[in-house]
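> Please work out how this folds:
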Amino acid sequence: MSFADFNLRSLSSNSNKLGVQAIKDSVLDLDRCPKVLGMRWDTESDVLLYPAKNIPTTKIITKRDILQHTSRLYDPLGLLSPVTIRAKLLLQELWQQMFEWDMPLPHDIQEKWRSLITDLKSVTTTTFPRYYFENTPYTSNYTCIHIFCDASLLSYCATAYVCRDNQSTLMMAKTRVAPLKKLTLPRLELMDAVIGSRLCKHMKQNTSIPQIHLWSDSQIVLYWLQTSKTLRRFVRNRPTKDNPADLLTRGISTSHFKVSNLWFHGPKWLTTPDSWPVWQERDTYVTMATITDPVPTSKSEDAALPVNNSSFVDMSRFSSLAKLLRVTAYVLRFIDNFRGGRSTGSQETLTTEELHRAEKVCIRSCQMSKYQAEVKDIQTKRYKLPLSRQLKLFLNSGIWKCRGCIHNAPLDEMTKYPYLLPAKHPFTNLVIKDAHSRLLHAGVSSTITFLRQKY
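Numbering: from 1, shown residues only. Predicted coordinates for the structure are as follows:
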């Protein structure tokens, strides 16, 4: 800075040693609580706090007064959002009722604002430690970020917490008032997921913490995020008491805010990964999605699957599905080893991955041999053939699958979107025979029910 002729003359620090040196150089800032991005930093106690706001209580309150004093509450990290969101909701209510700027407000709204003034004055006295983990050494190996999302008909939001060993603390929060155009709760839940993903991106760009977990208590949003079909119907939503973002969607009082351990530190199970809730498709509970950087691959799974295996495997010569898949897997292994694409030559037994790959090759092979007209019909987007129109076929990992009317059902993805197999094909016959044997020679109805879980 001296080389560029910039004279540093206002230095603040929580280090006594640096403070002594600053006094010698006559550059120490005499203000004990200097401004830091709209907040205050008490250098002696090393805490962040908010400047005191004087909100007068007048006899006549207008919309202009409420907007003026609400806008003065600058909270860049959203740490006070559970209380300040109530002021934003009140402003939206004033816009909905179309009050003039200097028109005296009704008595009930004035009383609501006076009650809110008390909370706004009190909440700004809350202090936050600048350093997140006072009792944990910096050399700790495990540090991660958790982001919670939630929404109500009034607002939607996302909160971020950082965890290290057995400690967790609030980092920041983002909240939005629901738009005036009424939206359904599932759509608002999807909007809070967007806020959460943006907060996740912000954290990844501005911290060196690679492990980030996103949590949502909306069952329908989780289905929307994982399904391969654009859903039009909505399913049930159930909130959970362990979601700290729920405090932002409805707002709380300052007295509740200051004693809310859920808001300042997150749920109790946050620092114990073994007790994290694990979501199943049939559960209506909180779920987690781990955000990691994508691993680059040299070639996709589609490129690894041959278009047709009829040139090296004759399916009509096999009497069992298991033998067909094993032979196909060994042939594919030989091809990979010959090309130098995989390192499975030293393995004697086949892996589950190789058998699954062989199965996909067989399915693709019989589809390509029987459904060429349907494939062309779908690729040209004509949908004139009955099969492609009625079954609503779509391509997934190079294999044609069917859409049905049970996509909202709590079933496995394979059952909701089964593979398409041609009738009287050798591979189809082997699949039916294998299912019949697995069910200990059950009847036709049981065998068909079992097959339709996948085909």
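
> Asp102 sits in which helix or strand?
Asp102 is part of no helix or strand when elements are defined by DSSP states H and E.

> Leaving out sequence neighbours, find the closest residue to it.
Nearest residue to Asp102, sequence neighbours excluded (Cβ to Cβ, 6 or more residues apart in numbering): Thr62, at 5.1 Å. Just so you know, the C-beta spots here come from the backbone N, C-alpha and C atoms, and that holds for glycine as well.

> Look up how far Leu94 lies from that neighbour.
According to Cβ to Cβ, to the nearest Å, Thr62 and Leu94 sit 9 Å apart.

> how does this protein divide into domains?
Recorded structural domains for the chain (assignment: automatic domain parsing) are 31-130, 139-291, 301-451.

> Out of those domains, which is closest to Leu11?
Comparison of these against Leu11 by Cβ to Cβ identifies domain 31-130 as nearest, at 9.5 Å.

> Between its first and last residues, what's the separation in the closest one?
End-to-end span of domain 31-130 (Cα to Cα, to the nearest Å): 18 Å.

> next one: stretch 251-259
Its start and end residues considered, stretch 251-259 measures 14 Å (Cα to Cα).

> how about the closest residue to Glu359 other than its chain neighbours, what does it touch?
Nearest non-adjacent residue to Glu359, counting by Cβ to Cβ, 6+ apart: Leu325, 5.7 Å away. Residues in contact with Leu325 (Cβ atoms under 8 Å, 6 or more residues apart in numbering) are 355, 358-359, 362.

> which of the residues you listed has the most neighbours?
Neighbour counts for those peak at Ala358, which has 24 neighbours (criterion: other Cβ atoms under 10 Å).

> Which elements pack onto the helix or strand that one falls within?
Using DSSP H and E, Ala358 falls within helix 352-370. In this structure, helix 352-370 makes packing contacts with helix 321-339, strand 399-401, helix 426-438, judged by 3 or more Cβ pairs under 8 Å, 6 or more residues apart in numbering; DSSP states H and E.

> same question for that helix, mean pLDDT?
Helix 352-370 shows a mean pLDDT of 90.

> Identify the residues contacting the helix ranked longest in the chain?
In the chain, with assignment by DSSP state H, the single longest helix is helix 185-206. For helix 185-206, the surrounding residues in contact (Cβ under 8 Å, 6+ apart) are 145, 147-153, 156-158, 160, 171-172, 174, 176, 178, 183, 209-210, 212, 214, 216, 218, 220-221, 224-225, 234-235, 237, 245, 291.

> What of stretch 10-17?
Residues outside stretch 10-17 that contact it (Cβ under 8 Å, 6+ apart): 18-19, 22, 27-29, 31, 34, 41, 43-44, 46, 130.

> Among those residues, give me the pair with the biggest separation.
Farthest pair in those (Cβ to Cβ) is Val27 and Arg130. Separation: 21.3 Å.

> Dump the contacts of Leu325 to CSV, plus distance to Thr415.
Listed next are those as CSV, based on distance: Cβ to Cβ, whole Å:
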residue, distance to Thr415
Leu355, 20
Ala358, 22
Glu359, 17
Cys362, 20
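
> Out of these, which comes closest to Ala409?
The closest of those to Ala409 turns out to be Glu359 (Cβ to Cβ; 24.4 Å).

> And that closest one, how far from Ser218?
Separation of Glu359 from Ser218 (Cβ to Cβ) stands at 35 Å.

> Equivalent analysis for His441, please.
Note on His441: its distance to Ser218, by Cβ to Cβ, is 45 Å.

> Compare these two and say which is more crowded by neighbours.
In terms of neighbours (other Cβ under 10 Å), Ser218 is the more surrounded of His441 and Ser218; the figures are 29 against 9.

> what's the more buried one in contact with, if anything?
Ser218 is in contact with 149-151, 186, 189-190, 193, 237, counting by Cβ under 8 Å, 6+ apart.

> now swap in Asp119 and tell me
83, 86, 253-254.

> wait, is it part of a helix?
Yes - assigned with DSSP: H, G, I helix; E, B strand; the rest coil, Asp119 falls within a helix.

> what's the closest non-adjacent residue to it?
Thr254 (4.1 Å).

> Repeat that for Leu262.
Using Cβ to Cβ, 6+ apart, the nearest residue to Leu262 is Pro244, at 4.9 Å.

> ok, that neighbour - contacts?
Here Pro244 is in contact with 148, 159, 161, 262-263, 266-267 (Cβ under 8 Å, 6+ apart).

> Please apply the same query to Thr415.
Counting by Cβ under 8 Å, 6+ apart, the residues that Thr415 touches are 406, 452-454.

> May I see those arranged in JSON lines, with secondary structure as well?
Output for the contacts of Thr415, formatted as JSON lines (three-state DSSP):
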{"residue": "Ile406", "secondary structure": "coil"}
{"residue": "Arg452", "secondary structure": "coil"}
{"residue": "Gln453", "secondary structure": "coil"}
{"residue": "Lys454", "secondary structure": "coil"}
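
> Pick out the lowest-pLDDT one from those.
For the contacts of Thr415, the weakest pLDDT value sits at Ile406, with 78.

> how deep is that residue tucked in, by neighbour count?
11.

> With the one 4 residues further on instead?
Applying the criterion other Cβ under 10 Å, we find 14 residues in the vicinity of Pro410.

> Find the helix or strand that it is a member of.
Judged by DSSP H and E, Pro410 forms part of no helix or strand.

> which phi and psi does it have?
With angles defined as degrees, to the nearest 10, Pro410 sits at phi -80, psi 70.

> the helices in the stretch 151-300 of the chain, which residues?
Remark: helices assigned in the stretch 151-300 of the chain by DSSP state H, counting those that start in this stretch are 185-206, 219-226, 246-250, 254-258, 261-265.

> quick one, what contacts the residue nearest to Asp102?
So Thr62 contacts 99, 101-105 (Cβ under 8 Å, 6+ apart).
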